[in-house]
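J.: Next one to model:
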Amino acid sequence: MMLPFLYSFLQPQASELMFKFMGDGLKRLFLKEKRAQNENKLTVMVKIETLSEEKFRRMIPELIRTYISAYQDFPEYAYPNRREVKRYLKWLFKGDPQGFFMAIWDSKTVGFIAVHSKWYDWQEDLVGEIHELAVDKRYQGKGIGKALIQEVVEYLKSKGRKRITLWVGGRNERAIKVYEKLGFMKLYRWGIWLRMILYT
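T.: Okay, the predicted model is just below:
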């Protein structure tokens, strides 16, 4: 079907005009095809996997590189040097090895997420805590972060968690919007951080 391919190359004004004059049936067909294209693209290109302890240790240099890239625009939220990042990654993995997921895109490590399925929050008691989400800057905006979040939400639900919490940088509007679209709500701010929660 040629229509979605051609549509994506039109200027915004022209494409809006073209869509306006489509018949209702053609509009529905177009939107269905477009959604399928977007879903299939991510499914085919991104692989999410857990890591054995041995593989985690081998992947540490790649994970450090991904972490540093992810925080290029927000250095105030990141650990300042590779040694501290390495120590942080080991702490994340040790806390819940099954809750550490890595995203692979075309054989490259492009992101990871780490959660602890048994975390005690002073307000919410026992929760599933998302401690870290990092996506290589070159691959941001492609749905990788969303896919990783959805993966850990299912993991935490399988562990019986009814509440999932996280801290996110208060200036990181893109990340906040992604979390909100997935059902997370803002709780409160603490310094430069924003606390969010998802009720499952």
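J.: contact partners of the host helix or strand of residue 196?
T.: Here residue 196 sits within strand 193-199, counting by DSSP states H and E. Strand 193-199 is touched from outside by 124, 127, 153, 162-170, 176, 179, 182-189, with contacts defined as CB atoms under 8 Å, 6 or more residues apart in numbering. (Each C-beta comes from the backbone N, C-alpha and C, glycine too.)
J.: Each with direction, which strands does it pair with?
T.: For strand 193-199, the paired strands and their directions (DSSP bridges) read strand 163-169 (antiparallel), strand 185-190 (antiparallel).
J.: what would those look like in a markdown table with mean pLDDT?
T.: Below are those laid out as a markdown table (pLDDT from 0 to 100):
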| stretch | mean pLDDT |
| --- | --- |
| strand 163-169 | 97 |
| strand 185-190 | 96 |
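J.: Please work out which of those is packed deepest.
T.: Among these, judged by mean count of other CB atoms under 10 Å, the one packed with the most neighbours on average is strand 163-169 (a mean of 20).
J.: For the helix or strand that it is followed by, list the C-alpha coordinates in CSV.
T.: Sequence order places helix 173-181 as the next helix or strand after strand 163-169, per DSSP H and E. Output in CSV follows, covering the C-alpha atoms of helix 173-181 (Å, rounded to 0.1, in the frame of the first residue of the first chain):
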residue,chain,number,x,y,z
GLU,A,173,9.6,17.0,30.8
ARG,A,174,9.9,14.3,28.0
ALA,A,175,10.3,11.5,30.6
ILE,A,176,7.5,12.9,32.8
LYS,A,177,5.1,12.9,29.8
VAL,A,178,6.0,9.3,28.9
TYR,A,179,5.3,8.2,32.5
GLU,A,180,2.0,10.1,32.6
LYS,A,181,0.8,8.5,29.3
